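S.K.: Provided below are the primary sequence and the corresponding predicted coordinates.
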Amino acid sequence: MESGAIDMTMTNRVDSTITFEPPGPGTWMLDITHHGRRPITRFFSAAYEAAFTTGMGALIERYGLPLAEIRPASVHGCSYARVIGLGEPEVPKGPPPKPVMWLAARLHPAIRRRNRAAAAAWAEKRWRADVDEWFDRRRATVVAANLAIQRVDPAGLDDEALLVHLDDAVANFRRAAFGSFELHGGDLIPTGDFFAHCDSWGIDITTAASLLAGASPASVETARVLAPVARAMTAADPRPSSIDEIRRLGPDVDAAIDDWLEQHGRRLLFSDDLDSPTLAESPELQLRALSAATEPPRPEVDPDPVRARVPAVDRHRFDELLAEARSGLRLRDDNVGVAWNWPAGLVRRAVLEVGRRLVDREQLHRAEHVLQLDPREVTVLVGGAQAPTADDAEGRWAFRDAVVAAGPPTTLGPEPTPPPFDVLPAPLARAARAVMAVIDAMEGVEAAAPLHGVGIGSTPYRGRARVVDDAATAMTSLDAGDVVVTSFTGPAWNSLLPMVGALVVEEGGPLCHAAIVAREFGIPTVVGATDATRQVPDGATVEVDPVEGVVRVL
């Protein structure tokens, strides 16, 4: 096959109507980190793409990454991206000879500028400034903006004011989400750098990631907030059976619940898209989470056994890199939860109020179908337009479900060519290795067999499986001690995970959200368990074995 031609073996033809083709030359990777394998809702797609493109562009420049851009594209609504290296042609033809690349890396003006930025980033430990920027300054601003939007009741607004409020909510999301991507280097770079060095010492990513337990306070924040509830529930006899009864256990309990719902109630729960409900929409799920509240865990990590595998001359370096990775990781869940899941949840609340009104006017069949309208269409329908019709919106929703069933492939286009790190100047090469390592850690590799993946933990767990492939399942049937089987998780899950006995996730690797929170809470987990939501019957008894990295249906 000629270099740059489309490799049809990497497309996925499921039926005559849904075919996944590369959206352009080069290799395109599905963004499973934020959406799993679901298409982005139409209403949300433009805001998401704008935040991703501008935010990641700022990160690339700030850390001197050897990339021209990360270009997003939609395939049947699914978010794919092509990573384009500096100097790479629009139609890639494979890398030039190494001597040519070596010379270009030292003479090309753009590469030289980027190398200077990378050298400065490493010398200054620039990620520290990003972490400080978030916790010392930007976080409070984002929280205040979220609360200002949240205190407005969309149901009490007339149509004109509702559309203004919806615009305000979308603008708030755009600002916050841009910052989420822009500051992402604060956790990605030091963590990836640690993993890349561990790889050079023969330490695999799963082992290296295990040393990060306890480094993500945001992952256990809900347990900290609800600690008064956990203590009161332990002492209560009989145990309360309603939220009102739990609130009556004491003023500190009542205040903790208010704080929890104010800070977490409107965050998206089951994905980073608007099709995910929020905790505020399910009093039943709130009750179950409160009933299962636990004291914040305090995982202990002994790095010495891993450190002993590092050459003696490099052990000081190992200690330094581990400390930087642990410090940076505290940004990850907090930033995403506050600057993405929360403002996006507020957009969902506003646009669903529009949807309910359009249902009342017989312009939509179901309120959630509004999510498959673009913002302009929402505005004209509220103004009285009759197109798109209710049937149009319903058809778009059904097609989206069909795309999910078709199974969007992880990669479209030719197999990617690994970058030749050895010809890059040292600062650029280190940055490239760090990024590649952290991407591998977040996304993982395809499992050798169904129900196999990367295990997190040391003790197998048996329990009832609850396959959470839709929000309704979790909201109506999830009980304490269940084994949750799902496609992927995000930080908004943190309110629910204390009630989980074990976790099985189809997507991700040792640094995905599910793996991070599993280490924080000590939950036996297998991530990257291919096809688990289809292979595990809902309600079946399963064994989650993190030691072997396998899920067994008993």
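M.R.: Yep, that arrived. Numbering: from 1, shown residues only.

S.K.: Show the contacting residues for residue 82.
M.R.: By Cβ atoms under 8 Å, 6 or more residues apart in numbering, residue 82 lies in contact with 24, 26-29, 70-71, 73, 413. (C-beta placed from N, C-alpha, C; glycine too.)

S.K.: what about the nearest residue to residue 270 once chain neighbours are set aside, neighbour count?
M.R.: Leaving aside its sequence neighbours, residue 270 sits nearest to residue 276 (Cβ to Cβ, 6 or more residues apart in numbering; 4.4 Å). Residue 276: 22 surrounding residues under other Cβ atoms under 10 Å.

S.K.: Report the spatially nearest residue to residue 528, omitting neighbours in sequence.
M.R.: Once flanking residues are discounted, residue 528 sits nearest to residue 453: 3.6 Å by Cβ to Cβ, 6+ apart.

S.K.: wait, that neighbour sits on residue 531?
M.R.: No. Using Cβ atoms under 8 Å, residue 453 is not in contact with residue 531, being 10.6 Å away.

S.K.: Looking at the two, which one has more neighbours?
M.R.: For the pair residue 453 and residue 531, the greater number of neighbours falls to residue 453 (29 against 13), based on other Cβ under 10 Å.

S.K.: thinking residue 209 is in contact with residue 511, fair?
M.R.: Yes. Counting by Cβ under 8 Å, residue 209 does reach residue 511; the two are 5.6 Å apart.

S.K.: Need the overlap of contacts for those two.
M.R.: When contacts are counted by Cβ under 8 Å, 6+ apart, residue 209 and residue 511 are jointly contacted by 195, 441.

S.K.: mind listing what residue 300 touches?
M.R.: Counting by Cβ under 8 Å, 6+ apart, residue 300 touches 213-214.

S.K.: Kindly report the same for residue 289.
M.R.: Contacts for residue 289 (Cβ under 8 Å, 6+ apart) come out as 279, 495-496, 498-499.

S.K.: So which of those residues belong to helices?
M.R.: Secondary structure from DSSP state H places none of the contacts of residue 289 in helices.

S.K.: Next one: residue 169 relative to residue 180, how far apart?
M.R.: Distance of residue 169 to residue 180, given as Cβ to Cβ, to the nearest Å: 16 Å.

S.K.: one step back: and residue 209 and residue 511? which has more neighbours close in?
M.R.: Just comparing residue 209 and residue 511: by other Cβ under 10 Å the higher neighbour count belongs to residue 511, 28 against 25.

S.K.: Quick one: residues contacting that one.
M.R.: Applying Cβ under 8 Å, 6+ apart to residue 511 gives the contacts 191, 195, 205, 209, 212, 438, 441-442.

S.K.: Next: residue 444.
M.R.: Going by Cβ under 8 Å, 6+ apart, the list of residues near residue 444 reads 453-454, 507-510, 512, 527-528.

S.K.: export those residues to JSON lines and tack on pLDDT?
M.R.: Below are the contacts of residue 444 laid out as JSON lines (pLDDT from 0 to 100):
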{"residue": "453", "pLDDT": "92"}
{"residue": "454", "pLDDT": "92"}
{"residue": "507", "pLDDT": "84"}
{"residue": "508", "pLDDT": "86"}
{"residue": "509", "pLDDT": "90"}
{"residue": "510", "pLDDT": "91"}
{"residue": "512", "pLDDT": "88"}
{"residue": "527", "pLDDT": "93"}
{"residue": "528", "pLDDT": "90"}
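
S.K.: and those residues, which two are the farthest apart?
M.R.: The distance between the two most remote of these (Cβ to Cβ) is 12.7 Å, for 507 and 510.

S.K.: list the residues that contact both of the two?
M.R.: 444, 527.

S.K.: if we can go back for a sec, please indicate which of the contacts of residue 444 are buried?
M.R.: Buried subset of the contacts of residue 444 (neighbour count, 16 or more other Cβ atoms under 10 Å): 453-454, 507-510, 512, 527-528.

S.K.: now, which of these sits nearest residue 488?
M.R.: Among the buried ones among the contacts of residue 444, residue 507 lies closest to residue 488 (Cβ to Cβ), at 4.2 Å.

S.K.: residues in contact with residue 188?
M.R.: 59, 328, 434-435, 438.

S.K.: Next, it: secondary structure please.
M.R.: Under DSSP: H, G, I helix; E, B strand; the rest coil, residue 188 falls in the helix class.

S.K.: Distance-wise, check it relative to residue 127.
M.R.: Using Cβ to Cβ, we find residue 188 at a distance of 8 Å from residue 127.

S.K.: and of the buried ones among the contacts of residue 444, the nearest to residue 89?
M.R.: Minimum distance to residue 89 across the buried ones among the contacts of residue 444 is 30.8 Å, recorded for residue 509 (Cβ to Cβ).

S.K.: Please report how far the closest one lies from residue 404.
M.R.: 22 Å.

S.K.: where do the strands sit along the chain?
M.R.: Ranges of strands in the chain, per DSSP state E, are 12-13, 19-20, 28-30, 67-75, 78-85, 411-412, 454-456, 461-468, 483-486, 502-505, 525-527, 541-545, 550-553.

S.K.: Make JSON lines out of those strands and add distance to residue 430.
M.R.: As requested, those are exported to JSON lines (distance: least, Cβ to Cβ, whole Å):
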{"stretch": "strand 12-13", "distance to residue 430": "36"}
{"stretch": "strand 19-20", "distance to residue 430": "35"}
{"stretch": "strand 28-30", "distance to residue 430": "22"}
{"stretch": "strand 67-75", "distance to residue 430": "14"}
{"stretch": "strand 78-85", "distance to residue 430": "16"}
{"stretch": "strand 411-412", "distance to residue 430": "26"}
{"stretch": "strand 454-456", "distance to residue 430": "25"}
{"stretch": "strand 461-468", "distance to residue 430": "39"}
{"stretch": "strand 483-486", "distance to residue 430": "35"}
{"stretch": "strand 502-505", "distance to residue 430": "31"}
{"stretch": "strand 525-527", "distance to residue 430": "27"}
{"stretch": "strand 541-545", "distance to residue 430": "37"}
{"stretch": "strand 550-553", "distance to residue 430": "36"}
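
S.K.: Show me the one of the ones you listed that comes nearest residue 45.
M.R.: Closest to residue 45 of the strands of the chain is strand 67-75 (Cβ to Cβ; 6.6 Å).

S.K.: burial measure for residue 374, as a count.
M.R.: There are 14 residues near residue 374, going by other Cβ under 10 Å.

S.K.: Buried ones in stretch 279-294, by neighbour count?
M.R.: For stretch 279-294, burial by neighbour count (16+ other Cβ under 10 Å) applies to 279-282, 285-294.

S.K.: that older thread, neighbour-wise, give me the winner out of the contacts of residue 289.
M.R.: Top of the contacts of residue 289 by neighbour number is residue 495, holding 27 neighbours under the definition other Cβ under 10 Å.

S.K.: What segments of the stretch 151-300 of the chain are helices?
M.R.: Along the stretch 151-300 of the chain, the segments classed as helices by DSSP state H, counting those that start in this stretch run 159-182, 185-200, 205-210, 221-225, 227-235, 243-247, 251-264, 283-291.

S.K.: To clarify, my last question referred to the stretch 401-550 of the chain.
M.R.: For the stretch 401-550 of the chain, the helices defined by DSSP H, counting those that start in this stretch occupy 426-443, 471-477, 513-521, 532-535.

S.K.: about what we covered before: nearest to residue 86 among the contacts of residue 188?
M.R.: Closest approach between the contacts of residue 188 and residue 86, by Cβ to Cβ: residue 435, at 13.3 Å.
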